[in-house]
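J.: Model the structure of this input:
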Amino acid sequence: MRTLRLLPCLLLLALLAAPSQAFAHKVNIFAYVDGANIVADCFFSKKDKVNHGVVSVIDAQTGAVLATGTTDEKGALIIPVPPKAVAAAHDLKLLLKAGEGHQGDTVVQASEFASLTAAAKAKPTEHAPAKTAEKAAPKNKANAPAKAAANAAASVETKAAPAATAIDEAALTRIVTQAVDQTMESKLAPVKRMLLESSEKSVSPTEVAGGIGYIVGLFGIMAFAASRRKDRSGK
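T.: This next block holds a predicted model:
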């Protein structure tokens, strides 16, 4: 009998303990690449931002933590794209820890900072042909008479001219590409921001079902307690 009397209390305690997880704040993190930086927006809701949340930038392929940062009072974080991620061209996972067990994550695709990867790969080879021409010129001058040296120098200059032109064209193409990418990214940043805000879900079906179950459970406890009182009064 004592166990039956305690049953409603135990059920009530279980239901009261469950909402601490079912109705906990849902934390969100959205991120996009703007130039050479990753811009992250962290929030519980549109009006409740994650203040001083810790964001870890993780290599999605290796699991290595490449960088960490802390959100400001507005839930925002701007952090440079890690050089290792640029070199490896790996996707990045951003893990947000907002305290009290709340955490969320999102993925930044490597394609979003592909222009940085292309620029990094182009830099080591940019001046290689020029150095080769510089090494060849002294050798020809040292091993030839004055007239032959002049002819060799003219030949070197003639042969080096197309290479220099090619270098200039490659450098110009890279500069223009970077400028266009940066301009497009800066123009699209506000649009991305609006899309991220509009994509926030207010309440998920799971949360609705959990709330309904919680209410039904309370009514069940009340009905059970009422039936117990009737049984006692009938006796």
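J.: After the least confident helix or strand in the chain by mean pLDDT, which helix or strand is next?
T.: Per-element confidence for the chain was summarised using mean pLDDT, DSSP states H and E. The lowest value among helices and strands belongs to helix 19-22, with a mean of 43. On the C-terminal side of helix 19-22, the closest following helix or strand by DSSP states H and E is strand 28-34.
J.: what helices or strands is that next one leaning on?
T.: strand 37-43, strand 92-99, strand 102-108, helix 146-198 (3 or more Cβ pairs under 8 Å, 6 or more residues apart in numbering; DSSP states H and E). C-beta here means a position set from N, CA and C on the backbone, and glycine is covered the same way.
J.: For the last one, give the mean pLDDT please.
T.: I take that to be helix 146-198. Averaged across helix 146-198, the pLDDT comes to 61.
J.: From what I see, residue 57 and residue 96 are in contact.
T.: No - because the distance of 10.8 Å does not satisfy Cβ atoms under 8 Å, residue 57 is recorded as not touching residue 96.
J.: wait, what's in contact with residue 122?
T.: Taking Cβ atoms under 8 Å, 6 or more residues apart in numbering as the criterion, residue 122 is in contact with 170, 174.
J.: what separates it from residue 168, distance-wise?
T.: When distance is defined by Cβ to Cβ, to the nearest Å, residue 122 is 14 Å away from residue 168.
J.: Equivalent analysis for residue 39, please.
T.: Counting by Cβ to Cβ, the separation of residue 39 from residue 168 is 34 Å.
J.: of the two, who's got more company?
T.: In this comparison of residue 39 against residue 168, neighbours counted by other Cβ atoms under 10 Å, the higher total goes to residue 39 at 19 against 10.
J.: check contacts around that one.
T.: By Cβ under 8 Å, 6+ apart, the residues touching residue 39 are 31-33, 76-78, 189.
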